[in-house]
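S.K.: pasted the sequence and its predicted model underneath.
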Amino acid sequence: MTRLRVAILISGGGTNMLSLINSMTGDHPARPVLVLSSTPEAGGLEKAQHFEIPTAFVDHRDFPDARQQFEAKLNQALRSVSPDIICLAGFMRILSAEFVESWHGNILNIHPSLLPKYRGLSTHRRALAAGDHFHGCTVHRVTGALDDGPILGQSTVPVTSNDTEETLAARVLAAEHILYPEVLRRVASGNKTPVIWP
């Protein structure tokens with residue numbers, strides 16, 4: 001069985017990365033071939049090495065005014081493993097439309113809100129400030145626009161009256177760890193039906 005090749009891009013501890021890696025076993029139609037970080041100190045790199053997955057980093061701080069050069073280095077690392085799917089998993093850099101288009105719609109991202117609500121940062125604070133009763137996370141195909149693109153899956157969590165940013169963030173993150181692997185499996189299987197959970 002030919003399995004699709006997945007590269008995972010991170011910037012931090014890699015909890016979503018771990019949920020994806022742990023899911024890609026057995027009869028899963030994909031396997032991880034690279035974990036690539038935007039910082040050399042990202043904790044997720046060591047975790048990936050524990051699974052004997054190749055790792056690399058391109059330090060964005062080396063390119064403070066040259067995003068094109070930063071993305072060229074990212075592309076160099078990615079092309080070396082020829083991924084079929086790229087999963088952004090806590091990758092905290094905005095990618096240009098040119099970079100995204102070069103991967104033919106094969107970049108996925110998870111975002112901590114029920115898109116199209118709350119694109120960008122501070123999503124939990126904004127949901128609480130708005131008095132929302134429900135919050136959650138979304139997996140979508142990446143386009144050149146920020147936190148845009150076709151929605152591939154969403155998971156909803158309730159907002160309680162005593163929630164803080166921290167408690168809400170923790171509950172949303174737990175939902176992300178379930179949703180993202182399920183969406184990846186479905187996409188890798190060629191199933192275009194969005195995942196709605198629970």
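M.R.: Nice, thanks for sending it over.
S.K.: now the helices for this structure?
M.R.: Read by DSSP state H, the chain holds these helices, from start to end of the chain: 15-23, 43-50, 67-79, 97-101, 123-129, 165-188.
S.K.: what's the closest of these to Val33?
M.R.: Distances from Val33 to each of the helices of the chain were compared using C-beta to C-beta; the minimum, 9.8 Å, belongs to helix 67-79. (Glycine included, C-beta is placed from N, CA and C.)
S.K.: output the lowest mean pLDDT helix or strand found in this protein.
M.R.: strand 195-197 (a mean of 91; mean pLDDT, DSSP states H and E).
S.K.: which residues sit in contact with Arg186?
M.R.: Arg186 makes contact with 152-153, 193, 195, according to C-beta atoms under 8 Å, 6 or more residues apart in numbering.
S.K.: which of these are buried? Put it as a ChimeraX command.
M.R.: Remark: buried members of those, expressed as a ChimeraX selection using 16 or more other C-beta atoms under 10 Å:
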select :152,153,195
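S.K.: will you turn the contacts of Arg186 into a markdown table that also has distance to Ile86?
M.R.: Compiled in a markdown table, these are given as follows (distance: C-beta to C-beta, whole Å):
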| residue | distance to Ile86 |
| --- | --- |
| Leu152 | 14 |
| Gly153 | 17 |
| Thr193 | 21 |
| Val195 | 19 |
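S.K.: verify the contact between Phe134 and Gln154 for me.
M.R.: No: using C-beta atoms under 8 Å, Phe134 and Gln154 do not qualify as a contacting pair, with a distance of 10.5 Å.
S.K.: what is in contact with those two at once?
M.R.: With C-beta under 8 Å, 6+ apart as the test, Phe134 and Gln154 both reach Leu114.
S.K.: which one of those two has more residues nearby?
M.R.: Neighbours around Phe134 and Gln154, counted as other C-beta atoms under 10 Å, are more numerous at Gln154. The numbers are 21 against 11.
S.K.: OK, contacts around that one?
M.R.: By C-beta under 8 Å, 6+ apart, the contact set of Gln154 is 114-115, 136-139, 179, 194-197.
S.K.: which two in the residues you listed are spaced the farthest apart?
M.R.: For the contacts of Gln154, with distances taken as C-beta to C-beta, the pair at the greatest spread is Leu115 and Trp197 (15.0 Å).
S.K.: kind regards, and thank you for your time.
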